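# Whatever this is, show me its structure:
(one chain, ligands or ions: 3)
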Amino acid sequence: MYVVSSEQMRELDRHTIEKIGIPAVALMENAGRVIAEEVLKLCFQKKAGSGWMAEASHGPAASDAALQYGAADGAVRRGVCPPAGAFEAGAAPLRGLGPACPPPVAGDELLPAEAAGQEHWLILAGKGNNGGDGAAAARYLRDAGMRVTLLYAAEPSTLAGEAALQRDAAAALGIPALVHGRDAVDFRAFTGIVDALLGTGSAGAPRGAYADLIRAANASGLPIVAADIPSGLDADTGALHEPCISAEVTVCLAFLKRGLAQYPGAGAAGRVVVRSIGIPASLCRELGIGTYLLTPHVLRTVLDADVARPRSPEGHKGTYGHVLTVGGSRTMSGAGLLATRAALRAGCGLVTWALPASLVLPLSGAAPEVMLAPATDEESGGYWDEASAERVLELAKTRDVLAVGPGLGRFEGDSGWLRRLWEGWDGPMVVDADALNMLSSADGVDAWKVRPGATVLTPHPGEMSRLLGISTAEVQRDRISAATAYAVRHGVTLVLKGARTIVASPDGSAYINTTGTSGMATGGTGDVLTGIIAGLLAQGYSGPGAAALGVWLHGRAGEEAARRRGHPASVLAGDVIDAL
Ligand SMILES: NC(=O)C1=CN([C@@H]2O[C@H](COP(=O)(O)OP(=O)(O)OC[C@H]3O[C@@H](n4cnc5c(N)ncnc54)[C@H](O)[C@@H]3O)[C@@H](O)[C@H]2O)[C@@H](O)CC1
Ligand SMILES: Nc1ncnc2c1ncn2[C@@H]1O[C@H](COP(=O)(O)OP(=O)(O)O)[C@@H](O)[C@H]1O
Ligand SMILES: [K+]
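Residues are numbered from 1 along each chain as shown. Ligands and ions are numbered 1, 2, ... in the order given. Presented below is the predicted three-dimensional model:
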């Protein structure tokens with residue numbers, strides 16, 4: 001699934017209208033229709049959840065529908081919506097998947113007429129094209145048997161182009177239209193709200209009538225379905241302006257907007273449904289759009305990394321590569337151990353753990369599958385020193401991948417130590433934790449040799465802020481741009497961790513992960529990720545392929561660990577390894 005910025009969306013719109021010849025009003029018509037469909041589905045789910053469908057036995061249409069929908073989708077039957085921030089691509093049909101004997105004649109009714117008749121939705125319409133989408137949606141909802149009222153943020157006469165056309169069509173059907181500031185509106189008279197105030201043309205915080213209406217909508221407690229994006233959301237960064245619509249469902253038009261794929265925007269958007277409106281997806285490729293939601297399909301088709309990767313039946317431990325973990329110190333030996341075990345669980349054949357000499361004895365037996373190699377003299381007292389770089393490079397000669405950082409700590413001359421490994425080792429390398437801090441405090445990193453092997457950096461937002469020399473808040477304000485710019489500039493794969501981790505590739509493409517759980521916000525899970533990525537690199541994946549597959553698997557394992565524990569709060573980093 002492609003993820004686009006507002007600018008890219010405008011380019012895609014323009015291209016579709018001007019080069020392909022699909023009229024703008026046709027796109028808006030489709031937008032109105034899919035928004036209405038999602039409103040009807042939401043109403044259906046709420047009715048089904050409340051037991052109304054089962055109780056109502058007002059003729060065959062209603063009861064048939066309830067049976068069909070119930071059989072089609074367990075979530076619908078229980079009336080449970082997917083969690084906030086979940087994505088759906090395309091229209092998940094409520095009809096047609098049900099009983100073996102479909103009715104002889106089927107229509108496109110998504111909500112039984114009787115249920116629709118109980119609904120009265122308020123459509124908040126801005127004066128741009130987002131408002132035009134709302135006016136078009138109003139017609140379809142009315143046609144489905146719902147009562148609808150349009151509430152314009154500005155005088156309807158200020159609407160222009162296709163939006164004006166939609167305004168007139170709604171008026172011609174007699175759909176009541178109110179204007180903010182002129183007509184009194186009691187939100188308690190309605191059962192739901194469509195937010196069609198501001199879309200991708202929005203700039204800055206909502207002003208005037210827009211701000212008033214957003215606040216009133218949020219305060220109403222009614223379910224809100226946002227058209228394209230919640231009004232008040234920065235479509236490119238996911239930052240929330242004050243005020244911002246808090247939606248139950250966002251019907252994202254054509255392609256997923258960046259701001260819906262990142263927090264806090266993803267939280268304000270609720271359940272996101274991406275619906276096609278006639279803009280061909282092939283255009284994204286033609287226009288060079290390279291930001292994707294990370295799915296098994298994208299992993300397979302774009303990154304050549306298969307989630308269900310086969311393992312050769314005749315393979316042996318040498319077939320799957322050998323990782324050298326460089327980390328662990330007297331007070332942080334666990335981090336090195338977690339990375340080491342995770343690399344093995346990710347499927348590599350062998351792992352050697354290089355660590356300060358005095359730790360070898362205490363840790364022998366901690367992970368029987370792992371080989372331990374002293375990288376310092378005994379005198380180093382369980383900590384790393386600058387001289388150990390040569391020993392690490394010696395060990396690396398017979399290994400395939402270096403994973404540097406977990407539990408390393410800082411020491412005198414450490415930036416020079418890292419540079420020695422960076423330039424002295426030509427194979428794939430994962431750089432994490434304190435090794436990233438060494439990179440941040442090194443002078444003139446731009447002058448370091450460009451590494452021939454894949455280089456994967458895995459900062460959390462704090463480490464990223466040090467790499468960039470900006471505040472963590474600034475990193476978080478536009479994570480996709482921060483990660484992509486760094487990856488391209490330094491020729492590395494950069495994994496910006498945190499909920500909705502971003503994998504940015506040196507070629508400028510970026511992948512946004514959706515697996516994972518808040519249970520992973522616990523010490524050591526980052527070390528596990530480092531081990532997984534190193535284990536995948538050892539098996540021959542490219543830098544971006546290993547990073548993206550690693551991030552996806554890591555999140556899935558975290559979800560599984562939370563399920564096994566019964567609650568995310570109880571997940572430990574070791575549980576994530578065990579769930580791999
Ligand atoms: N061909 C197209 O361009 C299509 C556009 N579509 C819809 O159109 C939207 C984009 O439409 P527009 O570019 O007209 O822009 P919007 O409808 O998002 O908003 C622009 C209007 O809002 C005002 N505005 C901007 N920022 C504001 C703020 N902070 N406070 C108050 N008012 C503000 C502007 O003065 C302008 O009148 C998309 O999100 C989508 O919903 C769809 O209809 C599909 C086709
Ligand atoms: N709320 C969350 N949802 C999904 N993943 C999360 C969440 N919080 C943390 N994670 C993941 O857990 C890992 C934490 O890594 P990190 O911050 O480096 O921790 P540590 O240094 O303790 O190992 C990252 O991969 C991050 O993406
Ligand atoms: K909107």
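
# Would you check how far apart residue 542 and residue 422 are?
Remark: distance between residue 542 and residue 422 (Cβ to Cβ, to the nearest Å) = 19 Å. Just so you know, the C-beta spots here come from the backbone N, C-alpha and C atoms, and that holds for glycine as well.

# So those two - more neighbours on which side?
With other Cβ atoms under 10 Å as the criterion, residue 542 and residue 422 differ in neighbour count, and residue 422 comes out ahead with 22 against 19.

# If we ignore the residues flanking it in sequence, what's nearest that one?
Excluding its sequence neighbours, the residue lying closest to residue 422 (Cβ to Cβ, 6 or more residues apart in numbering) is residue 448, at 5.8 Å.

# burial count for that neighbour?
One way to gauge burial is a neighbour count; for residue 448, by other Cβ under 10 Å, it gives 14.

# close enough to count as contact, it and residue 424?
No: Residue 448 is not in contact with residue 424 according to Cβ atoms under 8 Å; the separation is 11.3 Å.

# so who does the closest residue to ligand 1 within the stretch 1-150 of the chain touch?
Going by Cβ to the nearest ligand atom, ligand 1 is nearest to residue 128 of the stretch 1-150 of the chain, at 2.3 Å. Applying Cβ atoms under 8 Å, 6 or more residues apart in numbering to residue 128 gives the contacts 163, 198, 199, 201.

# hmm, try it at 10 Å
Residue 128 makes contact with 153-154, 158-161, 163, 196-202 under the criterion Cβ atoms under 10 Å, 6 or more residues apart in numbering.

# Just the ones of those residues in strands?
Here DSSP state E is the test, and these give residue 196 as lying in strands.

# Now, of the contacts of residue 128, which are buried?
153, 154, 159, 163, 196, 197, 198, 199, 200, 202 (16 or more other Cβ atoms under 10 Å).

# What about ligand 1: which of those touch it?
If you filter these for contact with ligand 1, counting by Cβ under 6 Å from any ligand atom, you are left with 198, 199, 200, 202.

# Let me have the residues you listed in JSON lines, extended by pLDDT and distance to residue 172.
What follows is those, written out as JSON lines (pLDDT from 0 to 100; distance: Cβ to Cβ, whole Å):
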{"residue": "198", "pLDDT": "98", "distance to residue 172": "26"}
{"residue": "199", "pLDDT": "98", "distance to residue 172": "24"}
{"residue": "200", "pLDDT": "97", "distance to residue 172": "28"}
{"residue": "202", "pLDDT": "96", "distance to residue 172": "28"}
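
# Keep only those of those residues that are also close to ligand 3.
Among those, not one lies near ligand 3 by Cβ under 5 Å from the ion.

# Out of those, which comes closest to ligand 1?
Distances from ligand 1 to those, taken by Cβ to the nearest ligand atom, are shortest for residue 199, at 2.0 Å.

# Let me know whether the closest one touches residue 210 as I believe.
No: distance between residue 199 and residue 210: 11.7 Å, which falls outside the contact criterion (Cβ atoms under 10 Å).

# Residues that sit against both of those two, list them.
With contacts taken as Cβ under 10 Å, 6+ apart, the residues that reach both residue 199 and residue 210 are 126, 231.

# okay, now the domains of this protein?
Using automatic domain parsing, the domain parsing of the chain gives 3-95+111-287, 298-578.

# least reliable of those domains going by mean pLDDT?
Taking each of the domains of the chain in turn, the lowest mean pLDDT turns up on domain 3-95+111-287, with a mean of 88.
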